[in-house]
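Enquirer: Sequence first, predicted coordinates after that:
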Amino acid sequence: MDKGSTVDIMPAEHINDLLKTPVLDRDVEVRGWVYRTRSSGKIIFDVIRDATGIIQVTIKKGNLPDTEFEDALRSQIESSVIIKGRMFQDTRAPGGYEIRASSFTLVGTSAPFPITEYQSEELLLDNRHLWIRSREQQAVMKVKASLIKGARDWLDDNGFTEVTPPIFTQNACEGGVTLFKLKYFDREAYLSQSAQMYLEAMIFSLEKVYAMTPSFRAEKSRTTRHLTEFWHLELEEAWVDNKGNMEIQENLVSAMVQKVVRERKDELQLLGRNVDDLKEIVPPFKRVTYAEMIDRLKNKQFEIDFGCDLGAPEERAVTEEEKLPTFVTNFPKECKAFYMKEDPEDPRTVKCADLLAPEGYGEIIGGSERETDMDVLVAKLQRQDIPIEAYQWYLDLRRFGSVPHSGFGLGVERVVRWVCKLEHIRDAVPFPRTVSRAYP
């Protein structure tokens, strides 16, 4: 579009709507960006994309003003355009239809696009602000949106109240070594690792609560499933034990996945995910104890003993052949946080569960029943040399009318990675933050 010119912003038709319900008896108008282009003299073949799909457009000299044809000739990949024309069936075209243009408006020219086929991962990450235009990234973000909507719908239907906990905190929920420390005026504070403790405070008025917040972990982990900033769906429930907590998790995850199955078949197909596999994600999920998991791993020649934590290789080894998620329960106390309740039936362990995704994708949820005895909590804090002063408010939750309660945290990007069959979790978020990257 020439400098200083304007375009009337009028309603246009979405490409996917036209492909699903072709309009062959009148002119149509689409707007979007040039996805692919090639020319053979007097005919230009463009593929145009918008937020819903792609369609082929044929621009023939003589069928529109010469100035518009020249604009079409000079429009490169990622130029923004508005096209009017008649729709025709063409089995050679993407989607089986094309638009034969009678009008071509070049809205925004594009410089030569820096991303072409077979680019390095580093180049794609450096140009993330442009790479998120790719159809694959578009599909992932749509799947993610449906997963989140599916979660909120299920939680709303089941009596949970969404709340808004803080991001600045003076408490370590998951361990001090993974905290991002910052100066908060004249004192120290941290970026939140988890909203859990604040959600626990909210159950005493609302009983069942949840929050969707960013969480931050200063883990120097260079794996395919770690981000330093990720989106965290966390729940806390009064009057719920660990067994009930697992039932909530499996119903929630199933609702999220089935929402995607209903709404995002095209996107899943583009990403190479078999929709039929996801249709099988319904409760109940398998349950095994940590001790049983250790025995399985030993049978697979892993050198591991009771008391060792499970990492990605161990989780992958026991779930890569599974079709449903698996709960691993009753981890040793030494492996888990101070706020988890000891299991009286096996005092070596706590009443907790990690939910592992099938096909080797690993942990997507960590949850537990919470310790309600203030003296037990104090003793655990002292044993771990954790300063009690910053936790006095948390201990108050036990001083004033404590009740049995449980909760869990779901890593949204980990669920996205599994559902979309992504090799790396960084592709489950628009602008990934990892140990080595905070740009763009």
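Expert: Structure's in. What do you need?
Enquirer: show me where this structure has helices.
Expert: Defined through DSSP state H, the helices belonging to the chain, from first to last, are 15-20, 66-74, 121-126, 128-131, 135-157, 196-206, 242-263, 265-271, 275-279, 290-299, 312-319, 374-383, 392-399, 412-420.
Enquirer: Correct me if wrong: Phe331 contacts Ala291.
Expert: No - contact between Phe331 and Ala291 fails when scored by C-beta atoms under 8 Å: they sit 9.6 Å apart. Any C-beta I mention is one placed from the backbone N, CA and C, and that applies to glycine too.
Enquirer: between the two, who's got more neighbours?
Expert: Neighbours of Phe331 and Ala291, each counted by other C-beta atoms under 10 Å, are more numerous for Phe331; the result is 26 against 17.
Enquirer: Ramachandran angles for that one?
Expert: When read as degrees, to the nearest 10, the backbone of Phe331 gives phi -70, psi 150.
Enquirer: Contacts only, for it.
Expert: Residues in contact with Phe331 (C-beta atoms under 8 Å, 6 or more residues apart in numbering) are 290, 309, 349-350, 352, 354.
Enquirer: what does Val282 give?
Expert: Under the contact definition (C-beta under 8 Å, 6+ apart), the residues listed for Val282 are 254, 258.
Enquirer: ok, now how distant is it from Ser205?
Expert: Per C-beta to C-beta, to the nearest Å, Val282 is found 33 Å from Ser205.
Enquirer: Then Ala438?
Expert: 38 Å.
Enquirer: Confirm for me that Phe306 is in contact with Ile294.
Expert: Yes - in terms of C-beta under 8 Å, Phe306 counts as a neighbour of Ile294; the distance is 5.6 Å.
Enquirer: Which of the contacts of Phe331 are buried? Put it as a PyMOL command.
Expert: Of the contacts of Phe331, the buried ones go into a single PyMOL selection, burial set by 16 or more other C-beta atoms under 10 Å:
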select buried, resi 290+349+350+352+354
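Enquirer: neighbour-wise, which of Phe306 and Ile294 wins?
Expert: Comparing Phe306 with Ile294 by other C-beta under 10 Å, the one with more neighbours is Ile294, at 19 against 11.
Enquirer: Now do the contacts for the more buried one.
Expert: Ile294 makes contact with 304-306, 308, according to C-beta under 8 Å, 6+ apart.
Enquirer: Same question for Val57.
Expert: Under the contact definition (C-beta under 8 Å, 6+ apart), the residues listed for Val57 are 30, 45-48, 83, 85, 98-101.
Enquirer: out of those residues, who's nearest Asp126?
Expert: Proximity of these to Asp126 (C-beta to C-beta) peaks at Val47, which lies at 25.7 Å.
Enquirer: pretty sure the closest one is touching Gly53, no?
Expert: No - between Val47 and Gly53 there is no contact under C-beta under 8 Å: 10.4 Å.
Enquirer: before we move on, the earlier item: for Lys243, state which of the contacts of Ile294 is nearest.
Expert: Minimum distance to Lys243 across the contacts of Ile294 is 22.7 Å, recorded for Phe306 (C-beta to C-beta).
Enquirer: hmm, back to that, filter the contacts of Ile294 down to just the buried residues.
Expert: Using 16+ other C-beta under 10 Å as the burial test, these include 304, 308 as buried.
Enquirer: Give me the nearest residue to Val376, chain neighbours excluded.
Expert: The shortest distance from Val376 to any non-neighbouring residue, by C-beta to C-beta, 6 or more residues apart in numbering, is to Glu342 (7.6 Å).
Enquirer: Equivalent analysis for Pro332, please.
Expert: Once flanking residues are discounted, Pro332 sits nearest to Gly307: 5.1 Å by C-beta to C-beta, 6+ apart.
Enquirer: before we move on, what about Arg26?
Expert: If the residues on either side of it in the chain are set aside, Arg26 comes closest to Arg86, at 7.7 Å by C-beta to C-beta, 6+ apart.
Enquirer: Am I right that that neighbour is in contact with Pro22?
Expert: No - under the criterion of C-beta under 8 Å, Arg86 lies out of contact with Pro22, with a separation of 11.0 Å.
Enquirer: returning to that earlier point: output the contacts of Phe331 as TSV; include the columns pLDDT and distance to Ala139.
Expert: Listed next are those as TSV, based on pLDDT from 0 to 100; distance: C-beta to C-beta, whole Å:
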residue	pLDDT	distance to Ala139
Tyr290	98	36
Asp309	93	34
Thr349	98	41
Val350	98	39
Cys352	98	34
Asp354	98	28
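Enquirer: Can you pull the phi/psi pair for the residue lying farthest from the centre of the chain?
Expert: Relative to the centre of the chain, the most outlying C-alpha is that of Gly62, 48.0 Å out, by C-alpha atoms, centre = their mean. Torsion angles at Gly62 (phi, psi; degrees, to the nearest 10) stand at phi 100, psi -20.
Enquirer: Quick check: pLDDT value at the residue nearest to Arg26.
Expert: As summarised for this prediction, Arg86 has a pLDDT of 98.
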